[in-house]
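> sequence-free structure coming up:
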Ligand SMILES: *[C@@H]1O[C@H](CO)[C@@H](O)[C@H](O)[C@H]1NC(C)=O
């Protein structure tokens with residue numbers, strides 16, 4: 001009898017298990033019925049409110065293993081007997097500095113980066129600066145290729161920004177080109193006339209600039225690609241080697257006097273995300289004449305794997321290799337300006353500068369309720385904190401009428417440049 005009951009019991013047990021399973025399945029289906037539409041709605045709502053920015057990059061592991069990980073030795077450019085007489089190591093590398101642009105943390109919160117930029121100031125009561133002969137000034141170098149586009153009003157804004165913000169007794173802007181840019185160009189002729197000591201337009205020859213460096217006569221010098229990246233990467237290092245000073249990309253607008261930064265040699269941070277292999281950028285950089293940092297950079301160019309086309313191998317990757325080799329050799333490295341100093345566009349929605357090519361926000365706000373009016377938070381950030389705004393090419397776009405770039409930057413530039421022209425006439 002007991003044998004009879006056993007299967008019964010079993011049957012009933014499996015039946016209740018089945019009922020239980022049915023219940024669980026039912027509940028799971030009911031849950032999914034609500035959960036999936038709710039999730040879809042939430043995602044749609046999220047995309048409606050926020051722009052999603054997702055960037056996926058693929059790096060070949062072999063390349064990382066070969067090019068990034070090994071720290072090769074320096075080439076010896078810092079050996080006292082090899083340092084140029086024009087470069088003073090004890091002053092440049094070990095001399096006292098008044099401010100420090102290096103944060104030590106990632107500046108992830110709110111306006112921290114901008115506030116740090118605001119700490120970079122000249123000493124109070126710094127002596128009034130004398131007017132220097134043109135060749136002894138800090139040279140600002142920029143480059144415009146004659147074969148890319150005509151030098152027109154949109155390019156002129158960069159010149160205006162220089163003459164409106166920098167110390168014209170102590171600096172000179174040299175606009176380099178691969179041809180005769182100034183000839184027959186009325187815009188440039190006007191500036192040459194107004195600023196005979198603070199402006200020059202010159203044609204460059206890469207082989208000529210490479211003379212006296214280990215790159216002299218090398219076939220690498222003729223490497224070119226369509227985006228003019230490698231070309232541009234090489235030119236900036238060669239110009240700074242020959243003349244020292246500051247390199248600034250043409251697609252920038254200067255907003256404040258760079259003088260308090262000039263005690264350092266530096267490149268900049270690419271953006272606020274610190275991407276592993278492209279953390280550094282050369283859109284704004286400063287090195288002294290015959291800087292051993294640059295001598296080491298030329299050695300990396302010559303002795304490492306030749307650059308790939310359309311790559312940042314002679315830009316970001318090169319600066320990274322150099323930085324790592326320097327610290328490995330116990331040599332104080334060049335500085336890396338935090339992203340917002342020159343490129344406040346390259347960060348999150350909540351802490352980057354407004355888009356220069358989009359009309360002002362209808363509520364008249366920037367981020368976190370900060371104002372964009374004259375004398376407001378954005379105005380202060382531009383003129384008292386950051387040093388430059390990088391426009392990332394976009395040459396085909398115009399600044400919107402009465403937008404923040406026009407109101408807070410261009411108007412001021414025009415006023416200053418006009419006053420210079422009037423002073424010249426009188
Ligand atoms: C290099 O700089 C240091 C510190 O500013 C100074 O004492 C020294 O005289 C300089 N040397 C040369 C050769 O100018």
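Right, received. Where do you want to start? For clarity, every value in this text was computed on a predicted model and none was experimentally measured.
> so which bits of stretch 417-426 are buried?
In terms of neighbour count (16 or more other CB atoms under 10 Å), stretch 417-426 has its buried residues at 417, 420. For every residue, glycine as well, the C-beta is placed using N, CA and C.
> for that stretch, what is the distance to the chain centroid?
Computed by CA atoms, centre = their mean, to the nearest Å, the chain-centroid distance of stretch 417-426 equals 33 Å.
> and that stretch, average pLDDT?
Stretch 417-426 shows a mean pLDDT of 88.
> what is the neighbour count of the residue in the stretch 251-400 of the chain that the ligand sits nearest to?
Nearest residue of the stretch 251-400 of the chain to the ligand: residue 263, at 11.4 Å (CB to the nearest ligand atom). Applying other CB atoms under 10 Å, we find 19 residues neighbouring residue 263.
> report pLDDT for it.
So, for residue 263, pLDDT stands at 97.
> equivalent analysis for residue 126, please.
75.
> what residues are up against it?
The contact partners of residue 126, by CB atoms under 8 Å, 6 or more residues apart in numbering, come to none.
> re the thing from before, the closest residue to the residue of the stretch 251-400 of the chain closest to the ligand other than its chain neighbours and residue 246, how far apart?
With CB to CB, 6 or more residues apart in numbering as the criterion, residue 263 has its nearest non-adjacent residue at 5.2 Å, and that residue is residue 97. Per CB to CB, to the nearest Å, residue 97 is found 17 Å from residue 246.
> the more surrounded of these two?
Each of residue 97 and residue 246 has its neighbours counted (other CB under 10 Å); residue 246 has more, 23 against 10.
> so that one sits in a strand?
Yes. Read with DSSP: H, G, I helix; E, B strand; the rest coil, residue 246 is one of the residues of a strand.
> how about the strands in the stretch 201-350 of the chain?
245-248, 252-254, 266-269, 280-287, 335-337 (DSSP state E, counting those that start in this stretch).
> format those as CSV; extra columns: distance to residue 207 and mean pLDDT.
Output for these, formatted as CSV (distance: least, CB to CB, whole Å; pLDDT from 0 to 100):
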stretch, distance to residue 207, mean pLDDT
strand 245-248, 20, 98
strand 252-254, 28, 98
strand 266-269, 25, 98
strand 280-287, 21, 97
strand 335-337, 31, 98
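> distance-wise, check the closest residue to residue 133 other than its chain neighbours relative to residue 338.
Spatial nearest neighbour of residue 133, excluding adjacent residues (CB to CB, 6+ apart): residue 197 at 7.9 Å. With distances taken as CB to CB, residue 197 is found 33 Å from residue 338.
> the two - which one has more neighbours?
Taking neighbours as other CB under 10 Å, residue 197 and residue 338 compare with residue 338 leading, 24 against 14.
> who in the stretch 51-200 of the chain is up against the ligand?
When proximity is defined as CB under 6 Å from any ligand atom, the stretch 51-200 of the chain approaches the ligand at 88, 90-91, 95.
> burial measure for residue 181, as a count.
21.
> isn't it right next to residue 146, touching?
Yes. Counting by CB atoms under 8 Å, residue 146 is a contact partner of residue 181 at 5.8 Å.
> residue 402: what's it in contact with?
Residues counted as contacts of residue 402 (CB under 8 Å, 6+ apart) are residue 360.
> name the nearest residue to residue 281, ignoring sequence neighbours.
Nearest non-adjacent residue to residue 281, counting by CB to CB, 6+ apart: residue 270, 4.4 Å away.
> now residue 376
Distances taken as CB to CB, 6+ apart place residue 370 nearest to residue 376, at 7.1 Å, with adjacent residues excluded.
> what is the burial count for the one you found?
13.
> list the residues that contact the residue of the stretch 251-400 of the chain closest to the ligand.
By CB under 8 Å, 6+ apart, the residues touching residue 263 are 95, 97-99.
> now do residue 343
268-269, 271, 281, 283, 388-390.
> can you tell if stretch 290-309 touches the ligand?
No. Using CB under 6 Å from any ligand atom, we find that stretch 290-309 stays clear of the ligand, coming within 13.1 Å at best.
> just the terminal-to-terminal distance for that stretch.
28 Å (CA to CA, to the nearest Å).
> same check on stretch 345-361?
Using CA to CA, the distance between the terminal residues of stretch 345-361 is 16 Å.
> what of stretch 262-274?
End-to-end distance for stretch 262-274, by CA to CA: 24 Å.
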